[in-house]
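> The following block contains a protein sequence and its predicted model.
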Amino acid sequence: MQLSGVDILGYVAGLITAFTFLPQVIKTWKTQSAKDVSLAMFLIALTNQILWLAFGILRVDSVIIITNAVMLFMTALMIALKLKYNHR
């Protein structure tokens, strides 16, 4: 499969987007504190990723699918960490 410049741009942008929450996940994991993390923001992000993932699946667009599947995982992980560490 030959990737075009546009495909490469999409995959690079998707990769960077997919790891947007990684620094927050790492910080929350290391400090075991989520008191300053907004649960509402991550719930909105979760809804957003579900909708984008559905859109990508319906369009059969691998960049959108991969990006939002990773984002969905990171967002769900962040929500789980928030719920786990919220009361510490």
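Happy to help now that I have it.
> Spatially nearest residue to Gly14, not counting backbone neighbours?
Nearest non-adjacent residue to Gly14, counting by C-beta to C-beta, 6 or more residues apart in numbering: Thr67, 3.5 Å away. Quick note: C-beta positions are derived from backbone N, CA and C, even for glycine.
> contacting residues for that neighbour?
Counting by C-beta atoms under 8 Å, 6 or more residues apart in numbering, Thr67 makes contact with Gly14, Leu15, Thr17, Ala18, Trp52, Gly56.
> let's see 6 Å
Gly14, Thr17, Ala18 (C-beta atoms under 6 Å, 6 or more residues apart in numbering).
> Repeat that for Met74.
Phe21.
> Model confidence score at it, please.
pLDDT for Met74: 94.
> what do you get for Asp61?
The model's pLDDT for Asp61 equals 93.
> okay, the contacts of Thr67 in a markdown table with pLDDT, distance to Thr31 and neighbour count next?
A markdown table is the format used below for the contacts of Thr67 (pLDDT from 0 to 100; distance: C-beta to C-beta, whole Å; neighbours: other C-beta atoms under 10 Å):
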| residue | pLDDT | distance to Thr31 | neighbour count |
| --- | --- | --- | --- |
| Gly14 | 88 | 29 | 21 |
| Thr17 | 88 | 24 | 14 |
| Ala18 | 83 | 23 | 19 |
